[in-house]
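**Student:** sequence unknown, structure follows:
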Ligand code: SF4
């Protein structure tokens, strides 16, 4: 499958079939914590980056087999709302397979565009992000396209809430000393209140991001922040323990990853090519292997390599 991946066990959406509408790596942001690497095409231009007719053909073939899914989810290696055919693909699913729920995981930067808001109206759940409110933190954390302004993005999210009747889960991704500082938290709470999502989901680094100096926020700090956001509806995106309980992790994929890096350490992109697995799907497995202490990361010139973690002999 070229445009579909999974189904993958997702922390937020259960068993989810991924649909990738843009190639690696087209995005309107270049976040320092991005798990799929640096943005190579930083843009706000909407185009058919992946041909919609081919995506629809793949979806038709897959969904006609009546797979057991919680969601069909637009996400992937870049920003799905940049594909100008997003609405057409959502319409195809809703017209032909209305029993499948549709989710869109988006960086939320394009909802000031009325056409983008219109195209997502038939989705069931939207999962936009908002990590910063002040321009300076936004620039340092999300490294946006020069065409984007944070005030415009927030205004777009407020409009979206007025027009969209499904659920909105707003994610805030925290990086220590950048957006967990008091002044930014106050601004975030004030603006999130205006956006009025159904749920605020707090997240932090799960595995190495684009910039290796980016560290995760401690669980304790995330809990303090969750407390600060109350009485707004807030949760910390579930811990790895919950993820381990998801049954659809396939042991054989885990073993294939371990077998491969046993022979030679590899980057996520190497593994994705060798095992013919979508980067997002692979990331779920790497995240779990890191949680389980079975693999570790080493930094080399070509990027972050994953290798087997040897037990320490005493
Ligand atoms: S985290 Fe999402 S929004 Fe940020 S650069 Fe990566 S794909 Fe784009």
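**Tutor:** On my side now, so go ahead. This one's a predicted model, so the numbers in the text were calculated from it and none came from an experiment. Numbers count the residues shown, from 1 in each chain.

**Student:** Residue 201: what secondary structure?
**Tutor:** Look at residue 201: counting by DSSP: H, G, I helix; E, B strand; the rest coil, its state is strand.

**Student:** Confirm for me that it is in contact with residue 174.
**Tutor:** No. If you go by Cβ atoms under 8 Å, residue 201 and residue 174 don't touch, sitting 11.1 Å apart. In short, each C-beta sits where N, CA and C put it, glycine included.

**Student:** between these two, who's got more neighbours?
**Tutor:** For residue 201 versus residue 174, the count of surrounding residues by other Cβ atoms under 10 Å is larger for residue 174: 23 against 20.

**Student:** hang on, isn't the more buried one packed against residue 214?
**Tutor:** No. Using Cβ under 8 Å, residue 174 makes no contact with residue 214, being 10.5 Å away.

**Student:** which residue ranges form the strands in this structure?
**Tutor:** 4-10, 14-19, 26-27, 41-42, 71-74, 102-105, 125-127, 167-173, 199-203, 234-236, 295-300, 303-308 (DSSP state E).

**Student:** Going by neighbour count, list what's buried in the second one.
**Tutor:** When you say that, I think you mean strand 14-19. Buried residues in strand 14-19, counted by 16 or more other Cβ atoms under 10 Å: 15, 16, 17, 18, 19.

**Student:** Relative to that strand, what are the paired strands and their orientations?
**Tutor:** strand 4-10 (antiparallel), strand 71-74 (parallel) (DSSP bridges).

**Student:** show me the contacts for residue 212.
**Tutor:** The contact partners of residue 212, by Cβ atoms under 8 Å, 6 or more residues apart in numbering, come to 299, 304.

**Student:** repeat that with 6 Å
**Tutor:** By Cβ atoms under 6 Å, 6 or more residues apart in numbering, the contact set of residue 212 is residue 299.

**Student:** likewise residue 297?
**Tutor:** Contacts of residue 297 (Cβ under 6 Å, 6+ apart): 208, 304.

**Student:** Repeat that for residue 54.
**Tutor:** Per Cβ under 6 Å, 6+ apart, neighbours of residue 54: none.

**Student:** Check it and give its pLDDT.
**Tutor:** pLDDT for residue 54: 97.

**Student:** Which residues of the stretch 51-200 of the chain lie near the ligand?
**Tutor:** Proximity of the stretch 51-200 of the chain to the ligand, by Cβ under 6 Å from any ligand atom, involves residues 78, 79, 107.

**Student:** quick check, nearest of these to the ligand?
**Tutor:** Nearest to the ligand among these is residue 107, at 3.5 Å by Cβ to the nearest ligand atom.

**Student:** Thought residue 81 was touching the closest one, still the case?
**Tutor:** No. The criterion here is Cβ atoms under 6 Å, and residue 107 misses it with residue 81 at 8.1 Å.

**Student:** more neighbours, the two?
**Tutor:** When residue 107 and residue 81 are compared for neighbours, residue 81 comes out ahead with 28 against 24, by other Cβ under 10 Å.

**Student:** low pLDDT regions in the stretch 101-250 of the chain?
**Tutor:** 238-249 (pLDDT under 70).
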